[in-house]
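Engineer: Got a predicted structure plus its sequence, pasted below:
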Amino acid sequence: MATHEESSVSRFLPNPKSLAIVGCPFSGGQPRPGVDEGPIHLVKAGLPQQLADLGWDVEFNGHHQFEDISASITSDEPIGLLKNPRRVSQVCHAVAQTVSGHAKRGKLPLTLGGDHSLAIGTISGTLEQYPDACVVWVDAHADINTPETTDTGNIHGMPVAFLLGLGSPVPEFSWIKPVLKPNRIVYIGLRDVDAGEKRILKENGIKAFSMHEVDKYGIGQVVKMALDHVNPKGDLPIHLSFDVDALDPTVAPSTGTPVRGGLTFREGHYICEAIYETGCLVALDIMEVNPSLANEEAVKQTVAVGCSLARSALGETLL
Ligand SMILES: NC(=[NH2+])NCCC[C@H](N)C(=O)O
Ligand SMILES: [Mn+2]
Ligand SMILES: [Mn+2]
């Protein structure tokens, strides 16, 4: 039986702890349809009730309706290589306002994607309420291409660059305050990093633990080193942005850009558990679940893993 005593030890959230689910059916940051169904499946699988069972007061007022935004954008031609730039920008702006609104009211925003371009919005929202927050980015990819370095033009490969203010400014994204500092983000799980991204990581001295380091040191040590880097005194708020493709495709098959050689089921959940234990978690993203990819069994498995990652980050324990 799991005990939930610890659900009272947050350094930043008032008691009783409450969270708000931000369901974001959005796929404009990448080309594969279906990732917009991710949040719908996660909620249908019972995630809100599972979190309530962990002792959270759960607010969920339905999925974000981005229809007004889409309707107001009559044409969305690429800007340079960037695909769907206006739609991505405006949706992320709306998400930022929603996330910061929840955070202001003392709630932990749990954003369900949708593609990872949404993190432009979620992290902007977190930083508005917690300017000194740090980010733990769990992913197979660095998502740090600039409009100049991107090969694909897919904005889900670029959110970190926008948040850091790297690359030449794109006027459509001028609402983003590049307030994230390179020493306030750390990566875990990388294994598919583009050449331009490797250069950006080096030039900016950004700490990253790839699968090589996970193999070498073990996940326990990697999470400790990652947190020591980004949150050395353990007193900063943490935003955890979890792309399910960080997990091995045998664990989370239904995702748009799977890469072999990923985190095991336990390694992924350990990261979430360890971050919950810090008492510093203030916002969580579960991204890139795409229920239209792979067979029914694989979809079920991936949705279930999305739910269990969220539970682990929000206090579920094994004992
Ligand atoms: N959030 C993701 N799954 N990102 C994948 C990015 C892949 C590649 N690096 C790109 O720029 O397109
Ligand atoms: Mn990824
Ligand atoms: Mn990603």
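Structural biologist: Thanks, I have the structure now. Residues are numbered from 1 along each chain as shown. Ligands and ions are numbered 1, 2, ... in the order given.

Engineer: residue boundaries of the strands in the stretch 101-250 of the chain?
Structural biologist: Along the stretch 101-250 of the chain, counting by DSSP state E, counting those that start in this stretch, strands occupy 108-113, 134-138, 185-190, 207-210, 238-243.

Engineer: Low-confidence bits of the protein, can you list those?
Structural biologist: Counting by pLDDT under 70, the ranges of the chain that qualify are 1-8.

Engineer: Where do the helices of it begin and end?
Structural biologist: Assigned helices in the chain, in chain order: 38-44, 47-53, 67-72, 85-104, 119-129, 159-164, 195-203, 211-217, 219-230, 265-278, 296-313 (criterion: DSSP state H).

Engineer: Export those to TSV and append columns for mean neighbour count.
Structural biologist: For glycine as for every other residue, the C-beta is placed from the backbone atoms N, C-alpha and C. TSV is the format used below for the helices of the chain (neighbours: other C-beta atoms under 10 Å):
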stretch	mean neighbour count
helix 38-44	22
helix 47-53	17
helix 67-72	11
helix 85-104	22
helix 119-129	27
helix 159-164	27
helix 195-203	15
helix 211-217	16
helix 219-230	18
helix 265-278	21
helix 296-313	20
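
Engineer: Please work out which of the strands of the stretch 101-250 of the chain is packed deepest.
Structural biologist: Greatest average neighbour count among the strands of the stretch 101-250 of the chain goes to strand 108-113 (a mean of 28), per mean count of other C-beta atoms under 10 Å.

Engineer: Pull up the gap between Ala283 and ligand 1, please.
Structural biologist: To ligand 1, Ala283 is 18 Å away according to C-beta to the nearest ligand atom, to the nearest Å.

Engineer: That residue and Lys107 touch, don't they?
Structural biologist: No - look at Ala283 against Lys107 with C-beta atoms under 8 Å: they stay out of range, at 9.7 Å.

Engineer: neighbour count winner among these two?
Structural biologist: Counted by other C-beta atoms under 10 Å, Ala283 and Lys107 do not tie: Ala283 has more neighbours, with 29 against 23.

Engineer: who's the more buried one bridged to?
Structural biologist: Counting by DSSP bridges, Ala283 forms beta bridges with His239.

Engineer: For it, give its distance to Ile238.
Structural biologist: Distance of Ala283 to Ile238, computed by C-beta to C-beta, to the nearest Å: 8 Å.

Engineer: Overlap in contacts, these two.
Structural biologist: Residues within reach of Ala283 and of Ile238 at once, by C-beta atoms under 8 Å, 6 or more residues apart in numbering, are Ala133.

Engineer: which parts of the stretch 51-200 of the chain sit against ligand 1?
Structural biologist: Contact residues (C-beta under 6 Å from any ligand atom) of the stretch 51-200 of the chain with ligand 1: 116, 141, 143, 145, 150, 152, 154, 156-157, 194.

Engineer: which one of those residues is nearest ligand 1?
Structural biologist: Distance to ligand 1, by C-beta to the nearest ligand atom, is smallest for Gly157 among those, at 2.3 Å.

Engineer: That closest one and ligand 2: what is the separation?
Structural biologist: Separation of Gly157 from ligand 2 (C-beta to the ion, to the nearest Å): 8 Å.

Engineer: Cys24 against Val95, yeah?
Structural biologist: Yes - using C-beta under 8 Å, Cys24 is in contact with Val95, at 6.2 Å.

Engineer: Please list all residues in contact with the closest residue to ligand 2 within the stretch 51-200 of the chain.
Structural biologist: Taking C-beta to the ion, ligand 2 has its nearest neighbour within the stretch 51-200 of the chain at His141, 3.8 Å off. His141 makes contact with 157, 190, 192-193, 243, 245, 257, 259 under the criterion C-beta under 8 Å, 6+ apart.

Engineer: quick one, phi/psi of it?
Structural biologist: Backbone dihedrals for His141, given as degrees, to the nearest 10, come out at phi -120, psi 160.

Engineer: quick one, what contacts the nearest residue to Gln50 once chain neighbours are set aside?
Structural biologist: Distances taken as C-beta to C-beta, 6 or more residues apart in numbering place Arg311 nearest to Gln50, at 5.7 Å, with adjacent residues excluded. Residues counted as contacts of Arg311 (C-beta under 8 Å, 6+ apart) are 50-51, 54.

Engineer: Same list (those) but as CSV, adding distance to ligand 3.
Structural biologist: Output for these, formatted as CSV (distance: C-beta to the ion, whole Å):
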residue, distance to ligand 3
Gln50, 24
Leu51, 23
Leu54, 26
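
Engineer: would you list the strands of the stretch 101-250 of the chain in CSV and tack on distance to ligand 2?
Structural biologist: Formatted as CSV, the strands of the stretch 101-250 of the chain follow (distance: least, C-beta to the ion, whole Å):
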stretch, distance to ligand 2
strand 108-113, 11
strand 134-138, 9
strand 185-190, 9
strand 207-210, 13
strand 238-243, 4
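
Engineer: Just send those back as a markdown table, with distance to Arg32 too.
Structural biologist: Below are the strands of the stretch 101-250 of the chain laid out as a markdown table (distance: least, C-beta to C-beta, whole Å):
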| stretch | distance to Arg32 |
| --- | --- |
| strand 108-113 | 13 |
| strand 134-138 | 21 |
| strand 185-190 | 20 |
| strand 207-210 | 25 |
| strand 238-243 | 14 |
